[in-house]
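Peer 1: Here's a sequence, model it:
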Amino acid sequence: NAELKKVNKEMHMDSLLSIDRVIAPKEMFDKQIEHEKLTANIRATQEQQIATWQQELTTYQLEKSQYENANQQLNEDSSFYSIKAPVSGVLQSFNKFYQGSLVQAGETLAVISPQAQLIAECYVDTRNVGLLKQQQPTLFQVDAFDYNYFGILTGKITFIDNDYTVIDNKPVFKVRCLLDNKQLHLKNGFTGDIKKGMTLQARFVVTRRSLWQLLFDKIDDWVNPNAPIKKVTS
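Peer 2: Modelled structure (predicted):
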């Protein structure tokens, strides 16, 4: 502060003059009072400025916190502006929506064919479902490929429904099976690819029987691949 420097310099000069009794002691005392007042004013100005800065800092920190909270809320809200399918796959169909349209809970937006392993959904008669269990081996005959030439597919049960479903006025249980492979082969090297929507028949391996036991069973239940109670749809 230029004024404070000036007063300090004058005090130094007056102190020298006071020693030599060139000036009266009162002039030296007045100069000291002026110096103290000026120093007090400067200190008060500094403290006031620091208080102002501290208040502004508190205000800016509060605004910063509000902006951060608003930004976090916007980021959370942005997740509601887009819809993500639970699986990846091919879009087969979708309903058209326009800006401002309302979407109801449970409304179908699109149909996606998943790009995953093929799952065979089988319909099992209620009198036979009690013999099935998870991971049970299963044999499949694909209707599009004659099993006499192409053979059969293998797989296992991955899901058994807890409640029955009525199909064609008949109660059945849905059983889902995972296929071990997606192709059937002829001896000449021709390959048949298994695709979604194909129908098949499933033969669930529930037990192994000896020839002697089969003689006393209804043979048709064990060896006829076209038994109606085993017909399923994939």
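Peer 1: and the next element down the chain from the helix ranked longest in the chain?
Peer 2: Taking DSSP state H as the criterion, the chain has its longest helix at helix 25-78. Following helix 25-78 in sequence order, the next helix or strand is strand 89-94 (DSSP states H and E).
Peer 1: mind checking how far that following strand is from the chain centre?
Peer 2: Strand 89-94 has its C-alpha centroid displaced from the chain centroid by 20 Å (CA atoms, centre = their mean, to the nearest Å).
Peer 1: Could you pull up the mean pLDDT of the longest strand along the chain?
Peer 2: Determined from DSSP state E, the single longest strand within the chain is strand 170-179. Averaging pLDDT along strand 170-179 yields 92.
Peer 1: I'd like the next helix or strand past that strand.
Peer 2: strand 183-185.
Peer 1: partner strands of that following strand, parallel or antiparallel?
Peer 2: If you go by DSSP bridges, strand 183-185 pairs up with strand 191-193 (antiparallel).
Peer 1: Kindly state the domain boundaries assigned to this structure.
Peer 2: Following automatic domain parsing, one gets these domains for the chain: 2-79, 115-232.
Peer 1: Would you single out the least confident of those domains?
Peer 2: domain 2-79 has the lowest average pLDDT among the domains of the chain, namely a mean of 78.
Peer 1: For Ile50, the count of nearby residues, please.
Peer 2: Look at Ile50: counted by other CB atoms under 10 Å, it has 10 neighbours. Every C-beta, even on glycine, is put in place using the N, C-alpha and C of the backbone.
Peer 1: Next: Glu121.
Peer 2: Count around Glu121 with other CB under 10 Å applied: 14.
Peer 1: Quick one: residues contacting the nearest residue to Gln92 once chain neighbours are set aside.
Peer 2: Nearest residue to Gln92 in three dimensions, chain neighbours excluded: Val111, at 4.6 Å (CB to CB, 6 or more residues apart in numbering). Contacts for Val111 were tallied using CB atoms under 8 Å, 6 or more residues apart in numbering; they are 91-94.
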